[in-house]
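Student: quick one, what's the 3D model for this:
(one chain, ligands or ions: 1)
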Amino acid sequence: MKTYAITGGATGIGAALKELLLAQGDRVIVVDIRGGDIIADLSTETGRRAAVEGIHALAPEGLDGFVPCAGVPPVAKPLSLIPQVNYFAVVATVSGVRELLAKKQGSALIVSSNSAPMIPADDPYVEACLAGDEKIACELIEQRDGHTAYAGSKRAITQWVRRNAADFARDGVRLNAIAPGITATPLTEQVLADEALGEVMRAFAASVPLGESARPEQIARVMRFMLSPEADFLCGSVFFVDGGSDAMLRSDAF
Ligand code: NAD
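Tutor: Residues are numbered from 1 along each chain as shown. Just a heads-up that it's a prediction; the model follows:
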């Protein structure tokens with residue numbers, strides 16, 4: 001039996017992954033703002049500390065995997081919630097459980113998005129995230145829009161994975177990312193309900209080569225593989241699981 005911790009495991013993709021892992025006899029610790037084994041608001045430093053301390057208390061023997069899946073959509077308000085949850089909470093919690101992962105030579109699987117490449121690497125907001133400056137990142141994003149806030153947070157966290165994978169590997173810890181496309185979850189429902197972004201998402205969904213959107217378990221099955229011993233040489237990889245959208249939009253990039 002392996003032990004995994006998932007943030008945002010109460011609904012959507014995280015909940016689907018939890019079900020798959022429980023079904024194969026593993027233990028899953030869920031951290032969420034509601035409906036978890038550990039209740040924590042990851043937008044705050046207090047919540048991040050409670051999450052990390054709670055995981056240490058429940059799994060002192062170590063973790064086989066950690067998935068910081070909690071995330072908020074482009075329609076979240078204030079916009080600063082988006083970098084707080086989607087970037088800074090991920091870095092804080094992955095760093096906070098690193099020694100637990102090292103104990104079991106486990107892996108951390110970050111949840112990016114196929115929207116990540118849509119924001120340039122030299123965007124000042126992305127650069128502030130990667131510099132670890134939460135105050136400046138939050139101030140900058142309040143002057144921008146929801147799409148930039150969301151896709152930029154995912155761009156930054158994906159670059160963080162690439163920059164840190166070799167360092168984590170020295171402890172025997174694999175750091176990887178999955179970049180899902182539109183997936184039918186409560187997060188997507190919130191975007192579809194938005195007057196402006198809902199229209200944009202519907203148009204994007206209509207262009208997905210394999211069909212409009214994924215079911216959460218279609219993403220979770222790939223995550224299960226990436227976490228498993230089957231993938232024990234996977235390190236610093238970013239898997240786009242988006243029905244072909246990224247290949248269609250950025251055909252020459254890999
Ligand atoms: P979801 O809304 O179903 O799940 C998000 C979870 O995060 C919820 O359980 C929620 O309670 C939790 N959460 C939100 N804010 C929190 C906070 N401050 N503290 C603690 N927990 C908090 O959405 P989902 O679609 O399953 O999203 C999971 C991840 O997948 C997110 O990181 C999201 O950005 C990413 N993603 C989703 C899609 C999509 O189309 N649904 C596409 C690409 C990436």
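
Student: so what's the residue sitting nearest the centre point of the chain bridging to?
Tutor: By CA atoms, centre = their mean, the mean C-alpha position of the chain lies nearest to residue 111, the distance being 2.4 Å. Applying DSSP bridges to residue 111 gives these bridge partners: residue 178.

Student: tell me the secondary structure for residue 29?
Tutor: strand (DSSP: H, G, I helix; E, B strand; the rest coil).

Student: in terms of contact, does it touch residue 55 like I think?
Tutor: Yes: counting by CB atoms under 8 Å, residue 29 touches residue 55, with 6.1 Å between them. Heads up, the C-betas are built off the backbone N, CA and C, glycines and all.

Student: any common contacting residues for the two?
Tutor: Contact criterion CB atoms under 8 Å, 6 or more residues apart in numbering; residues shared by residue 29 and residue 55: 5, 38.

Student: got any ranges where this protein has weak pLDDT?
Tutor: Nowhere does the chain drop to pLDDT under 70.

Student: contact residues of the stretch 151-254 of the chain facing the ligand?
Tutor: 180, 182-183, 185-188 (CB under 6 Å from any ligand atom).

Student: Serialize those residues to JSON lines and add fields for secondary structure and neighbour count.
Tutor: Listed next are these as JSON lines, based on DSSP: H, G, I helix; E, B strand; the rest coil; neighbours: other CB atoms under 10 Å:
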{"residue": "180", "secondary structure": "strand", "neighbour count": "25"}
{"residue": "182", "secondary structure": "coil", "neighbour count": "23"}
{"residue": "183", "secondary structure": "strand", "neighbour count": "22"}
{"residue": "185", "secondary structure": "coil", "neighbour count": "22"}
{"residue": "186", "secondary structure": "helix", "neighbour count": "11"}
{"residue": "187", "secondary structure": "helix", "neighbour count": "21"}
{"residue": "188", "secondary structure": "helix", "neighbour count": "19"}
